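Just to be clear, the model below is a prediction. Sequence and coordinates:
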Amino acid sequence: MKGHRNLCVGLVLLGLLPCTTLYAQPYQDPLDAPAQVNRLAASSQLTAVAMVGQRIVAVGARGMVLLSDDQGNNWQQAKVPVSSDLVAVQFSGDKQGWAVGHDGVVLHSGDAGATWEKQLDGRILEKLLTAHFKEMAAKDNEKAQQYLDLIKLNFANGPEQPFLGVWFENEQDGFVVGAFGTIMGTHDGGKTWESWLEKVDNPDMLHYNAIVGIAGQTYITSEQGSVFKLDKEQQRFIKLSSGYTGSFFGILGNQQFLLAYGLRGNAYKSLDEGQTWSRLETASTTGLVAGVLDEKGHILLASEAGAVIESRDEGKSFKPLPDVRPALFAGLALAAPDRAVVVGLSGVQVISLQ
């Protein structure tokens, strides 16, 4: 046995045998494995970033959540009960926050991101949706079986479908959205969730890439140039047609305008809450994956090619920001009036807006 072990060690050092051969670890589902501490977390893969007060909170691969209380100079890793990839994060109020990601994960923090608990995952989601649509089928709802077939297909390989966006209007009322038309709502801060799959004008079950509240309205961005707007009276998301045929990854705006952005540098603007849209010239040819709007109406958009472009005239013109270190960007947030934080494949970068 000793000679066999020495041979294995030699093969590992030569790069001919993976080190896991020596001490094989049993597989542990990411839903059951807490995120591991990573000393190089600030330079590891991150996918989204948000502000809660003066704190920066970034989320990313393998359940990573990072916190900075000094404008991004120093970071600490939060305790997270799963190691599923996290792709979106949002805070409502001074302490309450939610992060979502792969395996149908929804996490909640009540202490401004310091610690997290799991509120929902793909295992629970499958049971909730199946029970919901079986109840609808028992009431002779003609579309219920179609949803049941979809759920069976989506969960055939386990709880792998991701949530891609999260939005809470306040500390109680919120939505999470994701792949294949999946959308869930809550009215108690995420303690319980209900299906909204059947409450969206999305018969093709397009993916939902993001959800956000703008000027008292709630919007979802999707594939095929689709934007969905919540009709509060009907309690239903209505489809808005932009005239674009590609995917929108996000949307930003204020009381004056909306701006949806997506594939190949495409961005479209609306002055009437999404009823009509016009294409903008962004001077970008790669996907625009994240955006923010400051109090002065200045627009920042981050591209997957590693640029951050800025508009100071509500989208009429854009120019790249200087001194941005190119990387595969995924998330963007304003850290201060003169600073932004961008995250991506190479971790965190703080950029000057002066």
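Cool, got the structure. Numbering: from 1, shown residues only.

Hmm, residue 329 and residue 45 touching each other?
No - in this structure, residue 45 is not within contact of residue 329 by C-beta atoms under 8 Å, at 11.5 Å. C-betas here are computed from N, CA, C, even on glycine.

what touches both of the two?
residue 344 (C-beta atoms under 8 Å, 6 or more residues apart in numbering).

which residues sit in contact with residue 270?
242, 257, 258, 259, 260, 276, 277, 278.

and with 10 Å instead?
227, 240, 242, 251, 253, 257, 258, 259, 260, 276, 277, 278 (C-beta atoms under 10 Å, 6 or more residues apart in numbering).

Among those residues, which one is most surrounded by other residues?
Of all the contacts of residue 270, the highest neighbour tally under other C-beta atoms under 10 Å goes to residue 260, namely 30 neighbours.

Which of residue 45 and residue 329 has more residues huddled nearby?
The residue with more neighbours, out of residue 45 and residue 329, is residue 329; 28 against 17, by other C-beta under 10 Å.

I figured that one hits residue 284, correct?
No - at 11.7 Å, residue 329 does not count as touching residue 284 under the criterion of C-beta atoms under 10 Å.

shared neighbours of the two, anything?
301, 302, 303, 304, 305, 307.

Please identify the helix or strand for the fifth one.
Same thing as residue 305. Per DSSP states H and E, residue 305 falls between elements, in no helix or strand.

And the helices in the chain?
2-13, 122-138, 144-154 (DSSP state H).

just checking, what packs against the last one?
Helices and strands in packing contact with helix 144-154 are listed as helix 122-138; criterion 3 or more C-beta pairs under 10 Å, 6 or more residues apart in numbering; DSSP states H and E.

can you list the residues that contact the helix it packs on?
29, 31, 84, 102-106, 118, 120, 141-152, 154-155, 158-163, 176, 178, 182, 184, 192-195, 197-198.

and if we set it to 6 Å?
Applying C-beta atoms under 6 Å, 6 or more residues apart in numbering, the contact partners of helix 122-138 are 103, 104, 144, 145, 147, 148, 151, 155, 159, 195.

Pull up the gap between the fifth one and residue 124, please.
The one in question is residue 147. As judged by C-beta to C-beta, to the nearest Å, residue 147 and residue 124 stand 17 Å apart.

which one of the two has more residues nearby?
For residue 147 versus residue 124, the count of surrounding residues by other C-beta under 10 Å is larger for residue 147: 22 against 16.

Disregarding flanking residues, what is the spatial nearest neighbour of the more buried one?
residue 133 (4.5 Å; C-beta to C-beta, 6 or more residues apart in numbering).

ok, how many other residues are close to the one you found?
Neighbours around residue 133, by other C-beta under 10 Å: 23.

distance of it from residue 259?
36 Å.

Report the contact partners of the most centrally placed residue in the chain.
What sits nearest the mean C-alpha location of the chain, by C-alpha atoms, centre = their mean, is residue 88, with 2.7 Å. For residue 88, the contacting residues are 48, 100, 165, 166, by C-beta under 6 Å, 6+ apart.

per-residue confidence at residue 16?
Per-residue confidence at residue 16 stands at 40 (pLDDT).

Ok, residue 279 next?
At residue 279, pLDDT is 98.
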